[in-house]
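Novice: coords please:
(one chain, ligands or ions: 2)
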Amino acid sequence: MRMSQYFLPTMKETPSEAQIVSHRLMLRAGLVRQTSAGIYAWLPLGLRVLRNIERVVREEQDAAGAQEVLMPTIQSADLWRESGRYDAYGPEMLRIKDRHDREMLYGPTNEEMITVLFREGVKSYRDLPKNLYHIQWKFRDEVRPRFGVMRGREFLMKDNYSFDIDKAGAIHSYNRMFVAYLRTFARMGLKAIPMRADTGPIGGDLSHEFIILAETGESAVFCHKGLVDKDILSRKIDYSADLQGIVNEWTSLYAATDEMHDAKAFEALPEGERLAARGIEVGHIFYFGTKYSKPMNAVVAGPGGEQITVEMGSYGIGVSRLVGGIIEASHDDAGIVWPDEVAPFKVAIVNLKPDDGAVGGACQKLYEALGAKGVSVLHDDRDMRPGGKFADMDLIGIPWQVIVGPKGLASGKVEVKNRRTGAREEMAPEQVLARFG
Ligand code: ATP
Ligand code: MG
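Specialist: Ligands and ions are numbered 1, 2, ... in the order given. This next block holds a predicted model:
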């Protein structure tokens, strides 16, 4: 992408409505714009990040055996009357009437809808287990939408639902998602800690929230320090094998959100191992047995023809919240520092002298050659002074900057800067191709 053509409205000033750093940076770097309270438009750069997060989520869901579907945003109220949640949900639910006066709603979550799809599509125990996910916009009329996309009213969620024949199967499904979540967040450069959590209005008796630590987090959290640096990515995971051992490794260390906090158990830890902090919830998983399948009659025929009410779980990831969460975890004074997997572009080319034909030619050649190798590149070909370009580049946080100026080029070199470390290296353009191609 050529920056001179790109819709990238960056801002120098700090927007006064933004209280936390991720919100400020998302506005300044031109990722989103608010259109009404808690509702955001995604601009090209922000959308690329959102799509990258979705991609990582999809890859990990698919690897763990979940199948993607896409359910609508608008649901019928009758669906929610079946589970008894229509009245229970309260003012967070956006209720709508269509032209025939039928009661509809903008889905805040999809347990009811998926249960009906399952009930109509699966009749025998032989077809279990099933695990279905989608990535879809939700609406919750939050009392206090704030912190930008972190607590929006309209937000993008990955939610999935597992169906098993018995409790043991359902726990295995839960464990698969537990491990898939560890991997998903780790790939995004986050240290997300699973913590025992309250099940809230979803119901059930087993639940973990995945929390990233940040001063601006909305929940108080308490955990064993050892959880912060535990690594999952170096392990080979076999999702068909028993995963309880891995889950136990994480859950045997103390970690709880304030609703579930057991001060005695926490204080029994040696002081040096205790971590009391604030955190952002980026994912939440639940095992809730037959809470929906029973009232909604989601049953399958068992081996002897008997009717079995299926055991369910549900699993959510805040895809749009993650954009803010990742920035909270990864920024510096100059701006955003994107982790590689989610970066909107991998490489930026910075042309220091756009009116110099040789420099322009070298930039264009690099841009095309990197593009041909499938590398995502943002080419700053704008006609402006280097200072402004450097500031914008640091603000938008692309991991690698290739800086091309007349002096370096005269000796056949360009400069490569790492956004995270600030380390700079001179090399020939061919080496740039070899490095990133
Ligand atoms: P919270 O406690 O933050 O209100 P929740 O427990 O109501 O969230 P879940 O129903 O567990 O949320 O939804 C799954 C995930 O969706 C959450 O872990 C979070 O990452 C994300 N999420 C929930 N509400 C919002 C929101 N208003 N804006 C952005 N993301 C959200
Ligand atoms: Mg939750």
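Novice: for the protein, what lies in contact range of ligand 1?
Specialist: Residues of the chain lying near ligand 1 by CB under 6 Å from any ligand atom: 109, 140, 142, 151-152, 155, 157, 200, 281-284, 316, 318, 320-321. For every residue, glycine as well, the C-beta is placed using N, CA and C.
Novice: can you rerun that using 8 Å?
Specialist: 38, 108-109, 138, 140, 142, 145, 149-153, 155-157, 159, 200, 202, 209-210, 218-219, 280-284, 286, 316-318, 320-322, 325 (CB under 8 Å from any ligand atom).
Novice: looking at the stretch 301-437 of the chain, which residue is nearest ligand 1?
Specialist: With CB to the nearest ligand atom, the shortest gap between the stretch 301-437 of the chain and ligand 1 falls at Gly318, namely 2.2 Å.
Novice: what about the closest residue to that residue other than its chain neighbours, how many neighbours?
Specialist: Distances taken as CB to CB, 6 or more residues apart in numbering put Val282 closest to Gly318, at 5.5 Å, once the chain neighbours are dropped. For Val282, the count of nearby residues is 26 (other CB atoms under 10 Å).
Novice: check what pLDDT Val282 gets.
Specialist: Looking at Val282, its pLDDT is 98.
Novice: before we move on, what about Leu243?
Specialist: Confidence for Leu243, expressed as pLDDT, is 97.
Novice: which ones are touching it?
Specialist: Neighbouring residues of Leu243 by CB atoms under 8 Å, 6 or more residues apart in numbering: 172, 175-176, 178-179, 237.
Novice: kindly report the same for Tyr161.
Specialist: 110-111, 114-115, 118, 131-133, 312-315.
Novice: cutoff 6 Å now
Specialist: Going by CB atoms under 6 Å, 6 or more residues apart in numbering, Tyr161 touches 114, 132, 314.
Novice: pretty sure the residue of the stretch 301-437 of the chain closest to ligand 1 sits against His284.
Specialist: No: here Gly318 does not reach His284: they are 8.5 Å apart, not a contact under CB atoms under 6 Å.
Novice: hey, where'd the helices end up in the stretch 101-250 of the chain?
Specialist: With DSSP state H, counting those that start in this stretch, the ranges of helices along the stretch 101-250 of the chain come out as 111-121, 167-187, 244-251.
Novice: can you list the ones you listed in CSV and add mean neighbour count?
Specialist: CSV is the format used below for these (neighbours: other CB atoms under 10 Å):
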stretch, mean neighbour count
helix 111-121, 19
helix 167-187, 22
helix 244-251, 14
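Novice: quick one: contacts of the longest strand seen in the chain?
Specialist: If you go by DSSP state E, the chain has its longest strand at strand 274-289. Contact with strand 274-289 is made by 170, 174, 177, 181, 192, 199, 202-204, 206-215, 217, 219, 221-223, 225, 311, 313-318, 322, 325, as judged by CB under 6 Å, 6+ apart.
Novice: counting neighbours, which of those end up buried?
Specialist: 170, 174, 177, 181, 192, 199, 202-204, 206-214, 217, 219, 221-223, 311, 313-318, 322, 325 (16 or more other CB atoms under 10 Å).
Novice: tell me which of these fall in strands.
Specialist: 192, 206-213, 219, 221-223, 311, 313-318.
Novice: domain ranges for this protein?
Specialist: For the chain, automatic domain parsing gives the domain ranges 21-336, 347-436.
Novice: wait, which of those domains is closest to Arg2?
Specialist: With respect to Arg2, and counting by CB to CB, the nearest of these is domain 347-436 at 5.0 Å.
Novice: now do the buried residues in stretch 428-436.
Specialist: 429, 432-433, 436.
Novice: that one: how far from the chain's middle?
Specialist: Centre-to-centre, stretch 428-436 and its host chain are 32 Å apart (CA atoms, centre = their mean, to the nearest Å).
Novice: who is the nearest residue to Glu218 once chain neighbours are set aside paired with across the strands?
Specialist: Sequence neighbours aside, Ile280 is the residue nearest to Glu218 in space, at 7.0 Å (criterion: CB to CB, 6+ apart). Residues in a beta bridge with Ile280, per DSSP bridges, are Ile212.
Novice: what's around Ile280, how many residues?
Specialist: Neighbour number of Ile280 under other CB under 10 Å is 28.
Novice: that one and Ile327, how far apart?
Specialist: 11 Å (CB to CB, to the nearest Å).
Novice: now Val57
Specialist: On the measure of CB to CB, Val57 and Ile327 end up 17 Å apart.
Novice: which one of the two is surrounded by more residues?
Specialist: Ile327 (28 against 24).
Novice: wait, doesn't the more buried one sit right on Ile20?
Specialist: No: assessed by CB under 6 Å, Ile327 is found out of contact with Ile20, at 9.3 Å.
Novice: hmm, back to that, now tell me what touches the helix or strand following the longest strand of the chain from outside.
Specialist: For strand 274-289, the following helix or strand on the C-terminal side (DSSP states H and E) is strand 299-301. Residues outside strand 299-301 that contact it (CB under 6 Å, 6+ apart) are 124-125, 307-309.
Novice: pLDDT averaged over strand 299-301 - what is it?
Specialist: Strand 299-301 comes out at a mean pLDDT of 97.
Novice: next one: stretch 347-363
Specialist: 97.
Novice: which residues are in contact with it?
Specialist: So stretch 347-363 is in contact with 366-367, 375, 377-381, 383, 386, 389, 393, 398, 400-406, 409, 436, going by CB under 6 Å, 6+ apart.
Novice: can you check stretch 426-437 too?
Specialist: 347, 366, 369, 373, 375, 402, 412-415.
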